[in-house]
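> with the sequence up front, the predicted model follows.
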Amino acid sequence: MKVPFYGHVRQYQSIKSEIDANMQEVILSGQYVQGPRLKRFEEELAAYAGVKYAIGVGNGTDALWLTFMALGLGSGDELITNANTFFATAEAMWIAGCTSVLVDCDQKTRCIDPEAVKKAITKRTKAIVPVHLYGQCAPMREIRKIADDYGLFVVEDNAQAIDAHGDNFKVGELSDAVCTSFIIQKNLGTFGDGGAIWTNHQYINDKVRKLRNHGSNKRDVHSMGYNSRLDDLHAAILSAKLKHIKEWSGRRIEIAGRYTEGLKGCDFLDLPYVRPGYRHVFHLYVIETKDPADRDKMLDYLVKNGIDAKTHYSIAIHKQEGFPWGKDARVVSPLTHAEKNASSCISLPMFSELTEEEIQHTIRVVRDWPNRRNDK
Ligand SMILES: Cc1ncc(COP(=O)(O)O)c(C=O)c1O
């Protein structure tokens, strides 16, 4: 049996008529860029997130750096995030001309460690960028407190956690802006690339709307900007999918529960940790081998046995080529937990259309690893 990592086509088939109808409407409207469907999706997204403004952009990376620019951040400004996030979090800082400061993550959740953030603050620090890694919110109350104490912006990287919340806090409630990605593999994904920013600040909304459209909010009048818009076709697809997001995250949570139950007692693994009261939406279900030396062997074994497992992310940002990109990045050591995460993580298949049979098969194959580790 083969268990795929992604279920994009299965998901499309489950709501095909809704997506097709929305796409047809856009195609026949003749309005494809900054048209009525984008406006409608932005309103739906803002209502869903419980904020005043949502702005669709080209992708999640643009969402981040356009937000940094809208906040007036640039050369000489330091932005803090964790070293074990997707590369784009730091890349967006570099694009905006800022310096990324990489700190350690928490030993259990793998989200940013507030104590490490405090140690990284200098006179040049301007913002903290917590990532809601794998689908679980970063500890936003602690982050908010640090930001208040030091007068810093907070921008949430929510690319992996749409529909998550913390213990009595919502995404967006304790920050200046939230950035998200709609690339197909995300929990809310379009057939291609997409992204959005949501915020309660009118100045961020106004600035990003201009920046994404060649610095223009009036025909023929421009200041410097870029071209990063969410196309109406993508907005129409996302509108159809947004209606199902709660049900899909519910199913992800259920599947995560099955994995956790089924893998109980595997003393060669660490399983995901969910903070009490948090809604972890399991964009990824990431296990870690207790011994980092086992990771590549186990990954190999899983793939050979039909389980399309992957790694997120096997190379921490400060170990990527060219780091620190001139002087545009630095680390605040130690990065013990971020490095352990990179060297031992394995993501098991996780999407809401996984079948019971696929889940149980994956559990069986993982559990059998100690008996089969020496298979040729
Ligand atoms: C944590 C995180 N930040 C940023 C991004 C960038 O989003 P995009 O690929 O849409 O540019 C991604 C994913 O791709 C991500 O996982």
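Perfect, I can see it now.
> the one residue in the chain that gets nearest to the ligand: neighbour count?
Using Cβ to the nearest ligand atom, the single residue of the chain nearest to the ligand is Gly60, 2.5 Å away. Yep, even glycine has a C-beta here, placed from its N, CA and C like the rest. By the measure other Cβ atoms under 10 Å, the count of residues near Gly60 is 26.
> then Ala47?
11.
> roughly how far apart are it and Lys243?
12 Å (Cβ to Cβ, to the nearest Å).
> quick revisit: and the gap between the residue of the chain closest to the ligand and Ser228?
11 Å.
> what ranges do the helices span in the stretch 151-300 of the chain?
202-211, 232-242, 245-262, 295-304 (DSSP state H, counting those that start in this stretch).
> CA atoms only: put the last one into PDB for me.
The reference is to helix 295-304. The C-alpha trace of helix 295-304 is given here as PDB (Å, rounded to 0.1, in the frame of the first residue of the first chain):
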ATOM      1  CA  ARG A 295      16.500  10.000  11.100                       C
ATOM      2  CA  ASP A 296      17.800   9.500   7.600                       C
ATOM      3  CA  LYS A 297      17.700   5.700   7.900                       C
ATOM      4  CA  MET A 298      14.100   5.700   9.200                       C
ATOM      5  CA  LEU A 299      13.000   8.200   6.600                       C
ATOM      6  CA  ASP A 300      14.500   5.900   3.900                       C
ATOM      7  CA  TYR A 301      12.800   2.900   5.400                       C
ATOM      8  CA  LEU A 302       9.400   4.700   5.500                       C
ATOM      9  CA  VAL A 303       9.700   5.800   1.800                       C
ATOM     10  CA  LYS A 304      10.800   2.300   0.700                       C
END
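> average model confidence for the helix or strand following that helix?
Remark: after helix 295-304, the chain's next helix or strand is strand 329-331, criterion DSSP states H and E. Confidence for strand 329-331, expressed as mean pLDDT, is 96.
> with stretch 289-306 instead?
Mean predicted lDDT for stretch 289-306 stands at 97.
> list the buried residues of that stretch.
Within stretch 289-306, the residues that count as buried by 16 or more other Cβ atoms under 10 Å are 289, 294-295, 298-299, 301-302, 305.
> redo the residues you listed as JSON lines? Include distance to His165.
Listed next are those as JSON lines, based on distance: Cβ to Cβ, whole Å:
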{"residue": "Thr289", "distance to His165": "30"}
{"residue": "Asp294", "distance to His165": "34"}
{"residue": "Arg295", "distance to His165": "31"}
{"residue": "Met298", "distance to His165": "32"}
{"residue": "Leu299", "distance to His165": "32"}
{"residue": "Tyr301", "distance to His165": "36"}
{"residue": "Leu302", "distance to His165": "31"}
{"residue": "Asn305", "distance to His165": "36"}
